[in-house]
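Trainee: I need the structure of the sequence given here:
(chains A, B and C)
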Amino acid sequence: MAVLEATQTRALPRTMLGWVPRLAVMAGLAYLLLVRMPLDEKFAPIYADAAIYAIVGLSLNIVLGYTGQLSLGHNGFFGIGAFSAAYALTVREVPFALTFVIAGACGALFALVMGVVALRITGLYLALITLVFGITLENSLFEVSWLTNSGAGQPANRPEWLYSDTRFFYFCLAFLAVAVYLDFMLLRTKSGRALLALKENERVAEAFGINVTAFKLLAFVLSGTLAGVAGALFAYRIGIVTASGLGFNLALLFVLLTVVGGLGSRVGVMLGGLLFASLDYVLHETWAHHVNDFVFRWDSAPQFAVGFLGALGLLLTIVKYPGGIGQQIRPITRWLAGGPFTLHDDRDSGPAAVEGSSVRA
Amino acid sequence: MSVLEVRDLSIRFGGLQALSDLSLDVNEYEIVGLIGPNGAGKTTAFNCITGFYTPNSGTVKYRGQDVTKAPPHVKARMGFGRTFQNVGMVKSATALENLKTAQHAKAPYDVASGLFGFGKTWQGEREMTERADAILDLLGLQHIRDQRVGGQSYGTLKLLELGCALATDPDVLLLDEPTSGMGPEESDELGERLLLLRKEFALTMLVIEHHVPLVLRVCDHVYVLNFGRLLAEGTPAEVQQHPEVVAAYLGGEAPEALAATVEPEQDLAAEAEVEPAPEPRKAPRKAAARKAAPRKKAAAEKETS
Amino acid sequence: MSAAAGADLVALEVMAPAVTGLVQGSVYGLLGLGLVLLYKSNRIFNFAQAEFGGVAAFTWIFFDTGKGFLPDTPTPVAVVIGILMAVVVALITERLVVRPLFNAPKITVVVATAGVLLLLIAVEGFLYGGEAGSFPAIFSGDAINEGAIRVTNQGLAIIVALLVLAVASALFFSRSRYGTAILAVSQEATASRLVGISVERISALTWGLAGFLAGVAGILLAGSIGLAAPGSLTGLALVPAFTAAVFGGVTSMPGALLGGVVIGVIESLATANIPKEDLPGSGQVVLFVALLLVLLVRPSGLLGKET
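Mentor: You can find the predicted model right below:
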């Protein structure tokens, strides 16, 4: 109980002096992540993937974390974004910049439909139907011949100025920055408060003058737009869009990413993206390679290593660390934002946060 | 001036007729009490009035406008402020955040601007924070400003909930058992507070209550509900003596015993020279069922006076 | 067209798919039984259910073909070992994943079962390798082979297994003490404890049974298709099994049977009659629409009780 009643004073550090170490750390991290590492062309695609997954994580966070809607079919919006951008560019010769608008709009449209469904179907049933939606798309819409170039995959070629993988990473990063900004603004203004309120108690939200239906749909539309745009980025990253890899596996991956990253934690979800984008590489190319080989030596099938570790991570997170990475690093993120450095935390976390109740420790 | 006019409100849940032909009036600046044994349908009436339930029949009018079918958030925007029996707030947020959320309808910027930071977003946020702080000061709750609501004591929660209802900038306040969980002193304080709020914010109130002394002191008019039907109405004193009301509360002892503890001088409602003040009602009735015709006569009399 | 040609057309477009659908639907029904069982007892959707079956299938094949250091085992014994393996995996899941999450919201448990699914696929992968293995049918030969209509003995075995198990589980829930205990625990764990029911043992029993049902389904299904890779059983049958369970009534065991058959037939008819050029994956799309309709109109399904 003492932990629960801990005063959560938001007083910013009184003096400028308090900000110096914080800014220094932030500057150091920024340099590391944004300048030093991506300059290596070899890693740039991985970072691009990380940025893309981070955007998806943020989009899922809006619907799952802020609004409490169990929508697990985001791979669908992502895939639609990817296909529509590729199709628009290659078949319809739409200007590059416009393809992003189209991708976002398609994602938003499908998400809106999902949102309408979510008004009637809730809880586990919603989780089920959205997952089935995401899976069904892989075998139906994403196999339609005019969309997929008769199964050969729809090309999505970057314009010349983005051929460099490093440049492309910065391009993705720009989108991520916009996504983070939108997310930040969402939480700071009345829309975010409205979502958080309706997630916990719809009746109270209504009594406060919040149009719950409209805001639920808004959450889905925002989420779908972000996921669609991320899908477009992914299309350009890969260069060619096919249905495989956009179905069930991706759906699970996105859920994994969000849960392991930590629901409701912006930074956590982005780190989750980085983690899963780089896992494949890490397992095969670095020192972990040897561990990987040792564990998987029997009739070795290395592609399962990622799934194994991901699953293990998911289970550990759910059972032991429901807040995921986000919760674990919260002392740091809170400090960086100007708060005190303390290991106490009374926030709800994990998938449990979706239903507004605490998981017993 | 009629703020709330409820006529022949009925609602049925499966086999249970929760409300039968309930009619009541709340006039400007009145504090009207809604009392009755548990299960009488008081909260159900609230839910119908505020739009959480749709009644099977009957009308709800707000300042002459038919709002029977309006959803709750629309009513909130119109000026219906409401509290809930089980304390309705966002438990995982801080007191300040709750108060800002409650100002949702009155925020000076729209959703789109808010998303990008255009227009009056930041100014609006500042204003809402100031208003929230003002309410915290008014209710003496500054100490929990940045604490999670979920960990607070019940009494504090009820007070904060009242604050949130005020934050919605209401015209009429519907309070569902505001003193539940409070001891006698706290309840007295709340009574004082309600009177003060009426004066300061020019409010009209409809209050569900079990705490008889509060009802006696604060309410201008009282409706008694039992089994979904209107049992009696009148001034608190009249209703208290009403034999059917007494019987409904299980025998004649409880109200009389309580009444004996209340000193007559504390009948503030009669004494108060507060502005704004309600107009005295004409000939209150004891009948269980209302007839429309005599009402019109009374209203006509009011208008010509 | 002539009567004979007309009859042939009906056979091709309706009868044959319907029969295929019947067999396929029985697979869904078998898996659905396990899903319904776990929903009745735990109020969750177990995403790993089909892969429990996958584990059973791979274990059976391991022993049957004497893989690695394992001795060559006669098929019946290998099958039993396979089913036992599924039971063991289910029990481990219950102990390590479900029980610690006893008080957590249901969605957490559901996501955890998805994690178990991924884990099982990975384990199958590194134990068995990534390519599809071949799974001979246990019951070979054809039961019916008349023109366009063909039912293999394996298929018949599936239908029979479904019928037997569905009836057995319905009886189990209505007649036996354990069945009642499972229902009691699902609704009121604390009160059940107070009357002497061991919640832990009932939970283990439930999951063990689910594992058994999955094992039977998995082995029969793998043999019916002939080919399976890690995760393919889930990919093929999990979603239809869920649709079948919800359609038939997610709290009703006989519902799983009915739902399975209906879903299987619908899917089959759609796939056979809607050409791929018009709508690829039509079977799946139709199932999705069916699931959506059920959830919108009557979430408790055909035979389920309104909660």
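Trainee: is it true that C:Ser300 touches C:Phe247?
Mentor: No. With contact defined as C-beta atoms under 8 Å, C:Ser300 and C:Phe247 do not form a contacting pair (10.6 Å). Using the backbone N, CA and C atoms, a C-beta is placed for each residue, glycine as well.
Trainee: which of those two has more neighbours?
Mentor: For C:Ser300 versus C:Phe247, neighbours defined as other C-beta atoms under 10 Å in any protein chain shown are more numerous around C:Phe247 (30 against 16).
Trainee: excluding chain neighbours, give the residue nearest to the more buried one in space.
Mentor: By the measure of C-beta to C-beta, 6 or more residues apart in numbering or on different chains, the closest residue to C:Phe247 outside its immediate chain neighbours is C:Gly259, 4.0 Å from it.
Trainee: output the contacting helices and strands for the strand or helix carrying the one you found.
Mentor: In this structure, C:Gly259 is located in helix C:253-273 according to DSSP states H and E. Using 3 or more C-beta pairs under 8 Å, 6 or more residues apart in numbering or on different chains; DSSP states H and E as the contact criterion, the elements in contact with helix C:253-273 are helix C:16-42, helix C:153-175, helix C:232-248, helix C:282-297.
Trainee: so what angle separates the directions of whichever strand or helix holds C:Leu213 and helix C:232-248?
Mentor: When secondary structure is defined by DSSP H and E, C:Leu213 falls within helix C:199-225. Taking axes from the mean of the first three to the mean of the last three C-alpha atoms, to 10 degrees, helix C:199-225 and helix C:232-248 form an angle of 110 degrees between their directions.
Trainee: quick one, phi psi at A:Val91?
Mentor: With angles defined as degrees, to the nearest 10, A:Val91 sits at phi -90, psi -40.
Trainee: per-residue pLDDT, it?
Mentor: Looking at A:Val91, its pLDDT is 86.
Trainee: for it, what are its contacts?
Mentor: Under the criterion of C-beta atoms under 8 Å, 6 or more residues apart in numbering or on different chains, the neighbours of A:Val91 are A:Trp146, A:Asn149, A:Gln154.
Trainee: of those residues, buried ones?
Mentor: Among the contacts of A:Val91, those buried by neighbour count (16 or more other C-beta atoms under 10 Å in any protein chain shown) are A:Asn149, A:Gln154.
Trainee: count the neighbours of residue 170 for me.
Mentor: The chain I'm using is chain A. Here the neighbour count serves as a burial measure; for A:Tyr170 (other C-beta under 10 Å) it reads 16.
Trainee: sorry, should have said chain C
Mentor: Neighbourhood size, C:Ala170 [other C-beta under 10 Å]: 18.
Trainee: could you find the closest non-adjacent residue to it?
Mentor: C:Met253 (4.8 Å).
Trainee: can you report how many residues lie near the one you found?
Mentor: Here the neighbour count serves as a burial measure; for C:Met253 (other C-beta under 10 Å) it reads 27.
Trainee: list, out of the contacts of A:Val91, those positioned next to chain C.
Mentor: For chain C, no contacts are drawn from the contacts of A:Val91 by C-beta under 8 Å from any C-beta of the partner chain.
Trainee: what is the nearest of the contacts of A:Val91 to chain B?
Mentor: Closest to chain B out of these is A:Gln154 (31.4 Å), distances taken as C-beta to the nearest C-beta.
Trainee: show me the beta-bridge partners of that closest one.
Mentor: Partner residues in beta bridges with A:Gln154, using DSSP bridges, are A:Val241.
Trainee: so when I look at B:Ser20, I'm seeing a strand, right?
Mentor: Yes. Counting by DSSP: H, G, I helix; E, B strand; the rest coil, B:Ser20 is part of a strand.
Trainee: what's the burial count for it?
Mentor: Here the count is done by other C-beta under 10 Å, and B:Ser20 has 18 residues near it.
Trainee: and the gap between it and B:Ser10?
Mentor: Taking C-beta to C-beta, to the nearest Å as the criterion, B:Ser20 is separated from B:Ser10 by 5 Å.
Trainee: what does the stretch 1-150 of chain B have sitting close to chain A?
Mentor: Residues of the stretch 1-150 of chain B lying near chain A (C-beta under 8 Å from any C-beta): B:50-52, B:71-73, B:76-77, B:82, B:84, B:88-94, B:97, B:100-102, B:104-107, B:109, B:111, B:114-117, B:121, B:125, B:146-148, B:150.
Trainee: again, only this time at 6 Å
Mentor: With C-beta under 6 Å from any C-beta of the partner chain as the criterion, the stretch 1-150 of chain B comes near chain A at residues B:72-73, B:76-77, B:82, B:88, B:90, B:92, B:101-102, B:104-105, B:107, B:111, B:114-115, B:117, B:146.
Trainee: what's the answer for the stretch 101-250 of chain C, then?
Mentor: With the criterion set to C-beta under 6 Å from any C-beta, the stretch 101-250 of chain C comes near chain A through C:103-108, C:111-112, C:114-115, C:118-119, C:121-122, C:125-126, C:129-130, C:239.
Trainee: low-scoring stretches of the stretch 101-250 of chain B, by residue?
Mentor: The stretch 101-250 of chain B contains residues with pLDDT under 70 at B:249-250.
Trainee: for chain A, give me its nearest residue in it.
Mentor: Taking C-beta to the nearest C-beta as the measure, the point where the stretch 101-250 of chain B comes nearest chain A is B:Ala105, at 3.0 Å.
Trainee: the residue nearest to that residue when sequence neighbours are not counted: how many residues sit nearby?
Mentor: The spatial neighbour of B:Ala105 that comes closest, neighbours along the chain excluded (C-beta to C-beta, 6+ apart), is A:Gly209 at 3.0 Å. Burial of A:Gly209 is recorded as 25 neighbouring residues (other C-beta under 10 Å).
Trainee: A helix includes A:Gly209, no?
Mentor: No. Assessed by three-state DSSP, A:Gly209 does not belong to a helix; its assignment is coil.
Trainee: measure it to B:Asn98 for me?
Mentor: Counting by C-beta to C-beta - A:Gly209 and B:Asn98 are separated by 13 Å.
Trainee: what are the ranges of the strands in the stretch 101-250 of chain B?
Mentor: Secondary structure of the stretch 101-250 of chain B (DSSP state E, counting those that start in this stretch): strands at B:172-176, B:204-208, B:221-226, B:229-234.
Trainee: let's have the ones you listed in JSON lines, adding mean neighbour count.
Mentor: Written out in JSON lines, the entries for these read as follows (neighbours: other C-beta atoms under 10 Å in any protein chain shown):
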{"stretch": "strand B:172-176", "mean neighbour count": "25"}
{"stretch": "strand B:204-208", "mean neighbour count": "25"}
{"stretch": "strand B:221-226", "mean neighbour count": "24"}
{"stretch": "strand B:229-234", "mean neighbour count": "23"}
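Trainee: could you pull out the helices for the stretch 101-250 of chain B?
Mentor: Taking DSSP state H, counting those that start in this stretch as the criterion, the stretch 101-250 of chain B carries its helices at B:111-116, B:121-139, B:154-167, B:184-201, B:212-218, B:236-241, B:243-248.
Trainee: same question for the fifth one: list its buried residues.
Mentor: It stands for helix B:212-218. Counting neighbours by 16+ other C-beta under 10 Å, one finds that the buried residues in helix B:212-218 are B:Val212, B:Pro213, B:Leu214, B:Val215, B:Leu216, B:Arg217, B:Val218.
Trainee: which pLDDT value goes with A:Thr130?
Mentor: On pLDDT, A:Thr130 comes in at 92.
Trainee: where's the residue lying closest to it once chain neighbours are set aside relative to chain C, distance?
Mentor: Using C-beta to C-beta, 6+ apart and skipping residues adjacent in sequence, the residue nearest A:Thr130 is A:Gly73, 3.7 Å away. A:Gly73 sits at a distance of 11 Å from chain C (criterion: C-beta to the nearest C-beta, to the nearest Å).
Trainee: nice, that's everything, thank you.
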